[in-house]
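Engineer: Give me a 3D structure for the following:
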Amino acid sequence: MGEQMNPVEFAALLNRFYKATSNVLIAAESWIDKLVGDEVMALYIPAMGDDYRQRSVLTGIAILQAVGYRPGETPWLEMGIGINAGLAYVGKVGVQGSDAVTAVGDTVNTAARIQSQSGAGELLIGEDLYQSVADDFPDLEQRALSVKGKEEPVTVRVIKPAELKH
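Structural biologist: Now for the predicted structure:
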């Protein structure tokens with residue numbers, strides 16, 4: 001989109017995206033890790049409460065809804081989301097003296113790869129995470145994704161907020 005828009009229009013769209021996503025993430029008590037280019041990275045960790053996995057999925061749905069992926073609406077931005085769950089290193093990284101705290105590891109890399117294959121209006125969630133919300137979202141479409149850095153396909157489930165009945 002940056003290629004097709006003038007820089008001022010593109011900056012305005014990015015700011016609208018950052019505002020919409022940040023408002024949802026803050027309301028959901030997420031840990032906003034990064035706002036970079038056309039990407040937002042947020043974290044949920046066990047210390048956030050027993051429902052942190054469910055909240056991550058509900059927040060993903062809410063973000064898509066915030067940009068217009070609701071039944072009968074037209075989104076103002078094409079976007080997809082990928083979420084994964086598992087072990088990661090969470091702490092300071094970088095050069096000595098840096099206060100940059102983030103999450104790194106295979107779980108985080110896999111989330112990025114999942115996100116890169118999400119279509120407009122789709123929330124792709126890793127299979128392990130899906131097991132935490134399967135009762136709320138039974139019988140979701142299952143996909144096997146071939147992703148960089150993984151020998152085996154990664155299984156995900158697909159939620160499309162514009163098609164949700166509840």
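Engineer: What about the closest residue in space to L129 that isn't next to it in sequence? Give its phi and psi, please.
Structural biologist: Closest residue to L129 apart from its sequence neighbours, by C-beta to C-beta, 6 or more residues apart in numbering: A85 at 4.0 Å. (C-beta placed from N, C-alpha, C; glycine too.) Torsion angles at A85 (phi, psi; degrees, to the nearest 10) stand at phi -130, psi 150.
Engineer: G82 too?
Structural biologist: phi -130, psi 140.
Engineer: Okay, now the unreliable bits of this protein?
Structural biologist: Within the chain, the stretches with pLDDT under 70 are 2, 166.
Engineer: who are the neighbours in contact with the residue nearest to L129?
Structural biologist: 53, 56, 107, 126, 128-129, 132 (C-beta atoms under 8 Å, 6 or more residues apart in numbering).
Engineer: R113 versus that one, what's the distance?
Structural biologist: Between A85 and R113 the computed distance is 14 Å (C-beta to C-beta, to the nearest Å).
Engineer: again, but for D99
Structural biologist: To R113, D99 is 28 Å away according to C-beta to C-beta.
Engineer: Between those two, point out the one with more neighbours.
Structural biologist: When neighbours are counted by other C-beta atoms under 10 Å, D99 and R113 differ, and R113 comes out ahead with 18 against 6.
Engineer: what about the more buried one, helix or strand, and which?
Structural biologist: Taking DSSP states H and E as the definition, R113 sits inside helix 106-116.
Engineer: Neighbouring strands - and their directions - for the next helix-or-strand element following that helix?
Structural biologist: Next in sequence after helix 106-116, counting helices and strands by DSSP H and E, comes strand 123-126. Strands adjacent to strand 123-126 in the sheet, as given by DSSP bridges, are strand 81-83 (parallel), strand 154-159 (antiparallel).
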